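> Please find the sequence and the predicted model below.
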Amino acid sequence: MIRVETIPGKALIGNPMGDPTERRVPVVTPPGYEESKASYPVVYFLAGFAGGGVFTLGESIWSENTPQRVERLMESGEIAPMIFVIPDCVTRLGGSQYVNSDATGRYEDHVIEDVIPYIDSNFRTLAGREHRAVMGKSSGGYGATVLAMRHADLFAHAADHSGDKYFDFCYRADIPHVVAALGNYGNSPAEFLRDFPHDRAKRGRGWFTIVNMLAMASCYSPNPQAEIGFNLPFDLQTGEIDPEVWQRWLEFDPAVIVDRHAAALETLDTYFIDCGKWDEHHLQLGARIYCRRLKELGVAHEYEEFDGGHMNTAHRYEVSLKKFSDAWR
């Protein structure tokens with residue numbers, strides 16, 4: 001059964017973007033949940049950029065959405081019964097990267113302090129870390145790794161599907177395109193944001209690339225004194241990197257900070273990472289770099305590359321869900 005819970009976001013009160021504090025969160029319960037008295041392990045699924053919460057419920061005649069996939073796997077017995085939760089951490093600019101930021105709000109705290117306690121209080125969960133997992137794709141894969149790094153006391157299992165890593169590849173390649181596209185807005189992010197999100201018919205070439213870059217900057221380099229509340233890590237006319245701001249971004253890069261969190265990651269019972277070998281954002285290279293560093297640090301993990309790119313990879317969730325399931329059976 002799929003239920004949609006409205007969860008109060010105390011951590012989001014007063015968020016700088018004025019985004020809603022109450023969030024609608026889909027929760028998938030296992031077959032027979034209503035009739036049984038059993039308690040179940042919980043998976044927290046972090047969606048990719050501009051997704052999460054009820055946005056994952058869109059249906060298609062051609063494929064399953066994520067909650068439907070989880071229901072099918074449980075009903076067929078391919079995975080163990082579990083509670084599957086999809087937090088909503090979307091911001092005005094699309095996404096929070098599941099971190100705290102003075103420009104977006106306290107979205108890491110929202111997951112940890114609002115969502116998890118609500119689920120444990122309102123559903124029959126096995127509330128120990130050994131029965132709690134976090135997983136996600138793209139920005140959500142990034143979030144799964146970061147939350148596992150910072151909250152190993154809460155999660156014993158993590159899966160990172162095509163998560164953002166090695167920012168020198170996955171973000172810097174977009175900077176020239178952003179500079180060119182901002183030319184349509186007087187090279188001014190403030191001008192771009194004036195009527196955001198803009199009429200669809202007026203969204204020109206490079207619109208989404210600008211949005212994505214602004215969203216990442218709002219997460220990684222907030223600045224309450226800046227005109228738009230955050231700094232971009234490059235010159236708006238030339239694209240030249242601003243070393244000081246870029247260094248702030250790198251403080252969020254899993255490939256850069258992994259050594260600081262190795263001890264926490266070593267405590268995970270399951271740590272699964274994968275990426276398409278043709279990922280359009282070069283995330284397969286970031287994953288290789290990151291996993292090489294995990295190996296050097298002695299952190300147990302599994303890494304797989306599959307024949308695919310960054311999109312249409314939801315079938316890979318079945319791999320990680322089965323790994324969690326094996327740990328709980």
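Right, received. Where do you want to start?
> Local confidence estimate at the residue nearest the centre of the chain?
Centroid check for the chain by CA atoms, centre = their mean gives G140 as the closest residue, at 1.8 Å. G140 is assigned 98 on the pLDDT scale.
> what are the bridge partners for the nearest residue to it once chain neighbours are set aside, then?
Nearest residue to G140, sequence neighbours excluded (CB to CB, 6 or more residues apart in numbering): L46, at 3.4 Å. (Each C-beta comes from the backbone N, C-alpha and C, glycine too.) Here L46 sits in beta bridges with G136, going by DSSP bridges.
> returning to what we had before: name the residues that touch whichever strand or helix holds the residue nearest to the centre of the chain?
Using DSSP states H and E, G140 maps to helix 139-150. By CB atoms under 8 Å, 6 or more residues apart in numbering, the list of residues contacting helix 139-150 from outside reads 45-49, 51-52, 89, 95, 97-99, 108, 111-112, 134-136, 154-155, 158-165, 252, 254, 257-258, 261, 264-265, 268, 271, 273.
> quick one: which of those residues sit in helices?
Among those, DSSP state H puts 108, 254, 257, 264-265 in helices.
> And the strands in the protein, which stretches?
2-7, 23-28, 42-46, 83-85, 100-101, 105-106, 132-137, 157-161, 270-276, 302-306 (DSSP state E).
> Tabulate the ones you listed in a markdown table, adding columns for distance to R124.
Below are those laid out as a markdown table (distance: least, CB to CB, whole Å):
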| stretch | distance to R124 |
| --- | --- |
| strand 2-7 | 13 |
| strand 23-28 | 12 |
| strand 42-46 | 10 |
| strand 83-85 | 8 |
| strand 100-101 | 30 |
| strand 105-106 | 28 |
| strand 132-137 | 14 |
| strand 157-161 | 19 |
| strand 270-276 | 22 |
| strand 302-306 | 30 |
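> what residues go with each domain of the protein?
Using automatic domain parsing, the domain parsing of the chain gives 2-166+254-328, 169-250.
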